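Trainee: Need coordinates for the below:
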Amino acid sequence: MAKNAVVKRDERREVAAPERTRSGAVTFTPRCDILETAEELTIYADLPGVQPGDIDIRFENGELAISAKCAPRHEDATYLACEYGIGDFYRAFTINEAIDADKIAAELKHGVLTVHLPKSEAVKPKKIAVKAE
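Mentor: Numbers count the residues shown, from 1 in each chain. Coordinates of the predicted model:
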């Protein structure tokens, strides 16, 4: 690296790029954060403009799929700037941890979907008690 070189930050686009499906519909890949603790995996997904009833979450064969429908807003408006695309969302994750599927929970707050994936008891760390004589 050259002396006094500027290190560029991650150059990922700040706005998710849309993809067109075969039907011509626009689908966005939501940005997500994944947090792992000893008890669970937690996924935070940005789903701006989505209502709770328009989200479909499925967990099957180690894959978590999140799809959401987003209704158009202000269709007759003239925008001064328009960076927020309108379309549906889809994202899928392969989960390698053993998850207790019956205890998966999700909530949507301020456009952020939080999905809790509790680990099954078999994969949680166990504390071993040491006995003294």
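Trainee: count of neighbours near residue 101?
Mentor: The number of residues packed near residue 101 is 12, by other CB atoms under 10 Å. In this view, the C-beta of every residue, glycine as well, is placed from N, C-alpha and C.
Trainee: Who are the contact partners of it?
Mentor: residue 59 (CB atoms under 8 Å, 6 or more residues apart in numbering).
Trainee: same question, the one 5 residues further on
Mentor: The contact partners of residue 106, by CB under 8 Å, 6+ apart, come to 55, 57, 113-116.
Trainee: Go through those and say which is closest to residue 29.
Mentor: Nearest to residue 29 out of those is residue 113 (CB to CB; 13.5 Å).
Trainee: Packing partners of the host helix or strand of the closest one?
Mentor: Per DSSP states H and E: residue 113 is located in strand 112-118. Strand 112-118 sits against strand 40-46, strand 55-60, strand 63-68, strand 105-109, with contacts defined as 3 or more CB pairs under 8 Å, 6 or more residues apart in numbering; DSSP states H and E.
Trainee: Mind doing that once more with 7 Å?
Mentor: Under the contact criterion of 3 or more CB pairs under 7 Å, 6 or more residues apart in numbering; DSSP states H and E, strand 112-118 touches strand 40-46, strand 105-109.
Trainee: What is the burial count for the residue nearest to residue 72 when sequence neighbours are not counted?
Mentor: Nearest non-adjacent residue to residue 72, counting by CB to CB, 6 or more residues apart in numbering: residue 86, 5.2 Å away. Neighbourhood size, residue 86 [other CB under 10 Å]: 16.
Trainee: how much space between residue 86 and residue 71?
Mentor: Separation of residue 86 from residue 71 (CB to CB, to the nearest Å): 8 Å.
Trainee: go on, residue 42?
Mentor: Going from residue 42 to residue 71 by CB to CB gives 27 Å.
Trainee: Check residue 62 too.
Mentor: To residue 71, residue 62 is 32 Å away according to CB to CB.
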